[in-house]
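*Asks:* Any chance you could fold what I've pasted below:
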Amino acid sequence: MKDEEDTDLAGARPRHLHSVDVDGSPRPRLRPQPAARGDVSVYDQDGYVVVLLHGTIDIDQTQELEEAGGYAIERDMPIMVDVRHVVMIDSVGISFLVRVAASIRSQGGTITLCGPAPLVEEMLSVAGAGTLFEWVEGRPGPDGLPTP
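*Replies:* Residues are numbered from 1 along each chain as shown. Now for the predicted structure:
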């Protein structure tokens with residue numbers, strides 16, 4: 001009987017009840033912070049159409065991404081996508097970047113990504129699309145100040 005109880009306990013998943021500080025007093029539970037809401041902006045600046053991505057770029061920004069991509073392609077200007085402030089990007093965001101790059105390159109245009117943005121660079125590399133883009137570092141926002 002004792003062996004059977006030990007086996008049951010050994011197979012059970014541990015449960016976390018509460019955190020305790022070194023002195024034995026309970027610690028408040030940390031609540032996960034919500035991811036920064038995503039934002040998409042598009043504007044003309046210094047001979048480029050600039051698409052500024054900020055925060056979490058996911059399915060919630062699908063409409064904004066489509067509108068920004070359509071505007072950028074219609075302008076018939078070089079496109080710069082500023083991804084310095086992206087904290088998370090999913091397949092929707094990566095798909096947007098790849099589709100715009102493929103469209104622009106098929107017309108002989110260029111698309112530049114403004115970084116550094118290691119997460120975006122890694123996701124594009126995993127998708128096999130890293131070579132579609134030229135990377136540059138930093139650039140001012142539309143008002144001449146650094147982008148937020």
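
*Asks:* show me the contacts for Glu64.
*Replies:* Residues in contact with Glu64 (Cβ atoms under 8 Å, 6 or more residues apart in numbering) are 39-40. Yep, even glycine has a C-beta here, placed from its N, CA and C like the rest.

*Asks:* cool, Gly93 as well?
*Replies:* 53, 57-58, 61, 65, 86.

*Asks:* Likewise for Ile59?
*Replies:* 90, 92 are the contacts of Ile59 under Cβ under 8 Å, 6+ apart.

*Asks:* so what's it scoring on pLDDT?
*Replies:* pLDDT for Ile59: 95.

*Asks:* what stretches of this structure score poorly on pLDDT?
*Replies:* 1-35, 140-148 (pLDDT under 70).

*Asks:* can you give me the helices in it?
*Replies:* Here the chain has its helices, by DSSP state H, at 2-11, 62-74, 91-106, 118-126.

*Asks:* mind putting these in TSV, distance to Val81 included?
*Replies:* TSV is the format used below for those (distance: least, Cβ to Cβ, whole Å):
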stretch	distance to Val81
helix 2-11	50
helix 62-74	8
helix 91-106	7
helix 118-126	9
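
*Asks:* and of those helices, who's closest to Val42?
*Replies:* Nearest to Val42, of all the helices of the chain, is helix 62-74, at 4.1 Å by Cβ to Cβ.

*Asks:* can I have that closest one written out in CSV, keeping just the CAs?
*Replies:* What follows is helix 62-74, C-alpha atoms only, in CSV (Å, rounded to 0.1, in the frame of the first residue of the first chain):
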residue,chain,number,x,y,z
THR,A,62,-4.6,43.0,-40.0
GLN,A,63,-6.8,45.8,-41.4
GLU,A,64,-4.2,48.5,-40.6
LEU,A,65,-1.4,46.5,-42.1
GLU,A,66,-3.4,46.0,-45.3
GLU,A,67,-4.2,49.7,-45.6
ALA,A,68,-0.6,50.7,-44.9
GLY,A,69,0.7,48.2,-47.4
GLY,A,70,-1.7,49.3,-50.1
TYR,A,71,-0.9,53.0,-49.5
ALA,A,72,2.9,52.2,-49.6
ILE,A,73,2.7,50.2,-52.8
GLU,A,74,0.5,52.8,-54.6
